[in-house]
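Enquirer: pasting the sequence and the predicted coordinates here, then a few questions.
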Amino acid sequence: MVEKTFIMVKPDGLQRALVGDIISRFENKGLKLVALKLLLLDRERAEHHYAAHQKKSFYDALIEFITSGPVVAMVWEADNAVYIGRKLTGPTTPNEAPPGTIRGDYCLNTQFNVIHASDSVENARREIDIFFQPQEIIRYDRSIKHWLGLDGMEPAL
Ligand code: CMP
């Protein structure tokens with residue numbers, strides 16, 4: 001099923017100039033970029049995004065970190081986009097993230113873990129709504145889709 005997933009390069013990813021590499025990994029895999037913006041998160045939006053972690057010991061540090069500098073928010077589309085996004089990203093704990101995943105290649109620390117990727121279709125919808133207006137999600141056709149084996153699978157314009 002064609003899904004959308006929410007991907008965010010965190011402030012450490014921007015400071016370390018990893019945005020291009022991260023976008024390339026999603027492009028190279030064949031996912032379709034349908035929305036992108038560079039922004040500074042205010043506390044309200046950060047708290048909304050991380051509401052599920054409100055009671056966790058690391059919550060305050062997480063909010064401080066995620067609002068400490070610009071982030072790049074993106075929506076990527078593909079068959080099973082949520083699962084693929086998580087696979088490309090790797091597990092939250094960097095020690096468990098295998099080489100070849102974004103966190104496996106770039107992270108040593110659980111908080112400074114470079115990227116956020118939605119963990120379910122339901123959370124992807126919620127997170128996309130927090131960051132994007134419906135008109136900011138762009139529908140377009142890709143001529144390359146035939147060569148990715150996606151004829152008839154990407155939603156029509
Ligand atoms: P993310 O995938 O964005 O979802 C929640 C974030 O909380 C996670 O990435 C980490 O940045 C952070 N996080 C999760 N667990 C811990 C932890 N044990 N210590 C510090 N930060 C954490």
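Expert: Everything's here; your move. Numbering: from 1, shown residues only.

Enquirer: which strand residues bridge residue 36?
Expert: residue 74 (DSSP bridges).

Enquirer: my guess is it contacts residue 27, does it?
Expert: No. The pair residue 36 / residue 27 is not scored as a contact, 11.6 Å apart, by CB atoms under 8 Å. In short, each C-beta sits where N, CA and C put it, glycine included.

Enquirer: who's more crowded, the two?
Expert: residue 36 (16 against 12; other CB atoms under 10 Å).

Enquirer: show the model's pLDDT score for that one.
Expert: pLDDT, residue 36: 98.

Enquirer: same check, this time on residue 157
Expert: pLDDT, residue 157: 65.

Enquirer: how about the helices in this protein?
Expert: Secondary structure of the chain (DSSP state H): helices at 11-15, 19-29, 43-49, 59-66, 81-89, 102-106, 121-131.

Enquirer: show me how far the fifth one is from its chain's centre.
Expert: Right, helix 81-89. 9 Å (CA atoms, centre = their mean, to the nearest Å).

Enquirer: that one vs helix 19-29, what angle?
Expert: 130 degrees (axes from the mean of the first three to the mean of the last three CA atoms, to 10 degrees).

Enquirer: from the contact counts, what lies against helix 81-89?
Expert: strand 2-9, helix 19-29, helix 102-106, strand 115-117, helix 121-131 (3 or more CB pairs under 8 Å, 6 or more residues apart in numbering; DSSP states H and E).

Enquirer: closest one to the ligand among the ones you listed?
Expert: Closest to the ligand of the helices and strands packed on helix 81-89 is strand 115-117 (CB to the nearest ligand atom; 3.5 Å).
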